[in-house]
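J.: Prediction below, plus the sequence it came from.
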Amino acid sequence: MRVKVSEIMTREVTSVDGATPFKDVAEVLIAHGVSAVPVVDAGNHVIGVVSEADLLHKEEFKEQYYREGYQPPLRARLRHRLAQEQDRGRAKAHGDTAAELMTSPAVTVRPQSAIVYAIRLMDEHGVKRLPVVDENGVLQGIVSRQDLLKVFLRSDAAITEEIRRDVLDRSVWTDTSQVKVLVHRGVVTLTGRMEQRSEAQLTARMALRVNGVVDVVDEIRWDEDGSPA
């Protein structure tokens with residue numbers, strides 16, 4: 001019931017070092033069709049991430065630094081009203097290498113972390129991909145939003161087996177022999193009978209937590225309502 005980052009991450013990662021020139025970084029992003037790449041040192045430790053947004057500071061600050069009459073978009077002008085954001089943008093507008101352009105420290109995740117944790121990290125920091133590092137910070141892979149969607153591509157048979165094995169047979173400490181599991185396109189339907197209403201509800205909630213489950217239709221009947229009056 002706990003898919004790890006290591007199970008879905010991409011292991012062959014395109015990365016750059018701190019001395020990689022601006023144009024080479026841009027070419028790497030375009031050639032590999034990615035929005036960001038990790039920046040690593042000589043020991044393959046992740047020291048930052050350089051993204052399309054980091055590179056675009058060159059354009060956003062063109063009028064100020066290159067005097068070409070370029071007018072930044074309204075969205076960019078509003079954002080630059082915040083002094084802290086403006087200072088970071090100015091530094092990156094001058095940047096010519098990955099080390100000068102990157103966002104550091106990088107937001108990373110460990111291979112053994114649950115994918116739910118990776119999703120929360122992405123949402124919290126507003127990023128689309130996370131470098132995966134070991135306990136020493138060495139790059140092991142990368143996980144993207146697209147990778148996280150892979151859990152919903154699990155076969156109905158695999159989901160059925162996991163619910164039967166890990167929920168009904170191991171996690172629910174009651175008789176579940178009369179409970180039947182039907183999965184169609186990730187939607188789980190639970191039928192049959194259990195002794196207590198609370199146990200039936202718990203079973204449905206635990207089935208919903210299985211990776212790849214889109215929804216649970218709870219049709220389990222029960223003999224006793226043990227809920228408080």
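T.: Right, received. Where do you want to start? Numbering: from 1, shown residues only.
J.: ok, which stretches of this structure are strands?
T.: Per DSSP state E, the chain carries strands over the ranges 16-17, 36-40, 46-51, 129-133, 139-144, 180-184, 187-191, 193-196, 215-218, 221-224.
J.: Quick check: beta-bridge partners of the residue nearest to Asp156 when sequence neighbours are not counted?
T.: Nearest non-adjacent residue to Asp156, counting by CB to CB, 6 or more residues apart in numbering: Val183, 4.1 Å away. Bear in mind the C-beta positions are built from the backbone N, C-alpha and C, glycine included. Here Val183 sits in beta bridges with Val188, as judged by DSSP bridges.
J.: Is Val183 in contact with Thr160, as I believe?
T.: Yes - Val183 sits in contact with Thr160 when judged by CB atoms under 8 Å, with a separation of 4.8 Å.
J.: These two - which one has more neighbours?
T.: Shown here are Val183 and Thr160; by other CB atoms under 10 Å, Val183 has more neighbours (25 against 16).
J.: which residue sits closest to the residue positioned nearest the centre of the chain in space, ignoring its chain neighbours?
T.: Nearest residue to the geometric centre of the chain (CA atoms, centre = their mean): Ile119, 3.7 Å. Once flanking residues are discounted, Ile119 sits nearest to Leu148: 5.9 Å by CB to CB, 6+ apart.
J.: just Met194 next, same as before
T.: Met194's closest residue in space is Ala200 (CB to CB, 6+ apart), at 4.6 Å.
J.: which residues touch that neighbour?
T.: 194, 218, 220-222 (CB atoms under 8 Å, 6 or more residues apart in numbering).
J.: could you redo the last one with a cut-off of 7 Å?
T.: Ala200 makes contact with 194, 220, 222 under the criterion CB atoms under 7 Å, 6 or more residues apart in numbering.
J.: Which of those has the largest number of neighbours?
T.: Result: Met194 is most packed of the contacts of Ala200 (other CB under 10 Å), 24 neighbours.
J.: returning to that earlier point: of all the strands of the chain, which one comes closest to Arg154?
T.: Nearest of the strands of the chain to Arg154, taken as CB to CB: strand 180-184 at 9.5 Å.
J.: Not counting its own residues, what contacts the closest one?
T.: 156, 159-160, 163-164, 188-192.
J.: Go through the residues you listed and say which is closest to Thr103.
T.: Among the contacts of strand 180-184, and counting by CB to CB, the member closest to Thr103 is Ile159, at 37.2 Å.
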